[in-house]
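S.K.: can you look at this prediction? I've put the sequence above it.
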Amino acid sequence: MRVTGGVAKGQLLKAPKSKHIRPTTDMVRSAVFSLLADAPDWSRALDLFAGSGALGIEALSRGVGWADFVDQQPQACAIIKDNLRKTGLSDRAHVYCAGVNSALGFLKERYGIVFVDPPYAESQVIEMVLKRLAGSTLLTESSRVAVCHASRTPLETGYDGLVRIKVRQYGDTTVSIFMKEART
């Protein structure tokens, strides 16, 4: 697995050896960033279910100012920190070794881009995470939420004020991009 764009392009990333972690392929990661190209706020990113940290590291490499990573497995957290050191991006990131539900309760920053990429076996948590994000102060009206999920598990077009604006399928992975609904 390599970083596909930006200042760390070509750097190899390690991935945890676990049946619970499904690293996002280089092709899908590259597609996610194509779908996010028009996102207006690249100041801060949040990588939930971070695994190897590939999505957040890719965001940092492509110009995001700061990234927070959340994963509950200590092995994954250690690998994310190692990947950040290896790519020279550690000074613009923080790794929270915590469950996503817990992190959504204590994080206070506002994020322009949020990645939600749980293991396919846990795809039922996506709805809960999207509803929590929609009701939180972590998003602004310019934020984008990129969700990678199993193609066999389609998502709704909206969740409590988050609306899907783009969807693309890449084999057994679908990428859905959500944003906050404008309040009138």
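M.R.: Received the coordinates, thanks. Values in this document were obtained by computation on a predicted structure and should not be read as measured data.
S.K.: which non-adjacent residue is nearest Gly171?
M.R.: Ser151 (7.2 Å; CB to CB, 6 or more residues apart in numbering). Yep, even glycine has a C-beta here, placed from its N, CA and C like the rest.
S.K.: so who does Ser90 touch?
M.R.: Counting by CB atoms under 8 Å, 6 or more residues apart in numbering, Ser90 touches 81, 84.
S.K.: 7 Å instead, please
M.R.: Leu84 (CB atoms under 7 Å, 6 or more residues apart in numbering).
S.K.: average pLDDT for the stretch of helix or strand Glu58 belongs to?
M.R.: According to DSSP states H and E, Glu58 maps onto helix 54-61. Over the span of helix 54-61, the pLDDT mean works out to 97.
S.K.: rewinding a little: I'd say the residue nearest to Gly171 and Val175 touch.
M.R.: No. The pair Ser151 and Val175 fails to qualify as a contact (CB atoms under 7 Å) at a distance of 9.9 Å.
S.K.: which one's more surrounded, those two?
M.R.: Counted by other CB atoms under 10 Å, Ser151 and Val175 do not tie: Val175 has more neighbours, with 23 against 13.
S.K.: wait, Leu130 touches Gly158, no?
M.R.: No. Leu130 is beyond contact range of Gly158, at 8.9 Å (criterion: CB under 7 Å).
S.K.: and these two? Which one has more around it.
M.R.: Shown here are Leu130 and Gly158; by other CB under 10 Å, Leu130 has more neighbours (24 against 13).
S.K.: and that one, that's in a helix?
M.R.: Yes. Leu130: assigned to a helix according to DSSP: H, G, I helix; E, B strand; the rest coil.
S.K.: report the separation between it and Ser34.
M.R.: Computed as CB to CB, to the nearest Å, the Leu130 to Ser34 distance reads 22 Å.
S.K.: and if you look at Ser90?
M.R.: Ser90 sits 27 Å away from Ser34, going by CB to CB.
S.K.: rewinding a little: phi, psi of the residue nearest to Gly171?
M.R.: Torsion angles at Ser151 (phi, psi; degrees, to the nearest 10) stand at phi -60, psi -30.
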